[in-house]
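# my questions are about this predicted structure, shown below with the sequence.
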Amino acid sequence: MFKTERMNDKIDVDYRLKIRDNLRVIHERISSACRNAGRDESSVRLLLATKTIAPEAIRIAIEAGENLVGENKMQEFAAKYEALADLKHERHFIGHLQSNKVKDALKYVTCIETVDSMDLARKLDKYLSEANRSIDIMIQVNTSFEKSKSGLNPDETLPFLRDISTLKTLNTKGFMTIGLLDSEPEKVRPSYAKLREIRDAAAKEGLVGRQAELSMGMSGDLEIAINEGATIVRVGSAVFGTRISGNKNRE
Ligand SMILES: *Cc1c(COP(=O)(O)O)cnc(C)c1O
């Protein structure tokens, strides 16, 4: 069992109101970013990045109308699964998926946003074929070239897409990236522009649809991501507050 700062706290009234208020602010930011970019607000979905956050707090957000949740550790999906099982919501995996967690992924997750190797793709395909089912995935691209980050190099992305197109159990929905980590939000823009260029090039080849997902942007830079075409922004701290410990912000 992992420990988190919020996991066992009783959710007090203030925190409940705070979450609702934060959600309102985030949706205002999304809607104003869409207006500025000349985009329809319905073209961007909010994914709640809920690492270290207690199921009681996640419940408040889902009951307030949210329906998309992401975790970067499979253990957290597993631990929170029962507590949220009565609430309809999509669960996206947004962390690095280890081989020994692939089976769990198929049990707990509706979309894996972080497929970035043929090994992982084959492994998923093997289990899915046996179970006679399929799963939604996205391709994680390392658009900032930081060595610490998972994801394919931009140059490898199209060849990889061609390779996995033979695996019929994987429904490729789009692309995900974690942009350059910098205190200056504008510095992340080239990362997000890069992901859009990759999507457009892939669409041109017919490997994905023209509107394929771009999962990019977080609390601090979602406006830039939306400006560059994000269809999913992943927000944690701006909704649930700053994470105090453990499980670091970006992996
Ligand atoms: C935690 C996390 C986020 C959200 O980060 P915040 O700065 O808290 O909004 C987005 N993407 C991934 C992959 C994460 O792990």
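Nice, thanks for sending it over. Numbers count the residues shown, from 1 in each chain.

# for the stretch 51-200 of the chain, what lies in contact range of the ligand?
Counting by Cβ under 6 Å from any ligand atom, the stretch 51-200 of the chain comes close to the ligand at 51, 72, 94, 178. Where C-beta positions appear, they are placed from N, C-alpha and C, glycine not excepted.

# does the first one count as helix, strand or coil?
Under DSSP: H, G, I helix; E, B strand; the rest coil, Lys51 falls in the coil class.

# how far off centre is the host helix or strand of Ser31?
According to DSSP states H and E, Ser31 maps onto helix 13-37. Centroid separation for helix 13-37 versus its chain: 18 Å, with Cα atoms, centre = their mean, to the nearest Å.

# helices along the stretch 151-251 of the chain, start to end?
For the stretch 151-251 of the chain, the helices defined by DSSP state H, counting those that start in this stretch occupy 154-164, 189-204, 222-227, 237-240.

# any buried residues in the shortest one, and which?
Put plainly, it is helix 237-240. Judged by neighbour count using 16 or more other Cβ atoms under 10 Å, the buried positions of helix 237-240 are 238-240.

# my guess is Thr52 contacts Arg243. True?
Yes. Counting by Cβ atoms under 8 Å, Thr52 touches Arg243, with 5.1 Å between them.

# the more surrounded of the two?
Thr52 (22 against 18; other Cβ atoms under 10 Å).

# so how far is Ser191 from that one?
Thr52 sits 25 Å away from Ser191, going by Cβ to Cβ, to the nearest Å.

# TSV for the buried residues of helix 237-240, including distance to Leu158 and pLDDT?
Formatted as TSV, these follow (distance: Cβ to Cβ, whole Å; pLDDT from 0 to 100):
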residue	distance to Leu158	pLDDT
Ala238	33	96
Val239	34	97
Phe240	36	96
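
# ok, and of these, which contact the ligand?
Counting by Cβ under 6 Å from any ligand atom, Ala238 from these sit close to the ligand.

# and which of the buried residues of helix 237-240 is nearest the ligand?
Nearest to the ligand out of the buried residues of helix 237-240 is Ala238 (Cβ to the nearest ligand atom; 5.7 Å).

# does that closest one touch Arg24 like I think?
No. Contact criterion Cβ under 8 Å: Ala238 and Arg24 do not qualify, at 11.4 Å.

# follow-up on the earlier one: which neighbouring elements make contact with the helix holding Ser31?
In terms of contacts (3 or more Cβ pairs under 8 Å, 6 or more residues apart in numbering; DSSP states H and E), helix 13-37 is packed against strand 45-49, helix 55-63, helix 222-227, helix 237-240.
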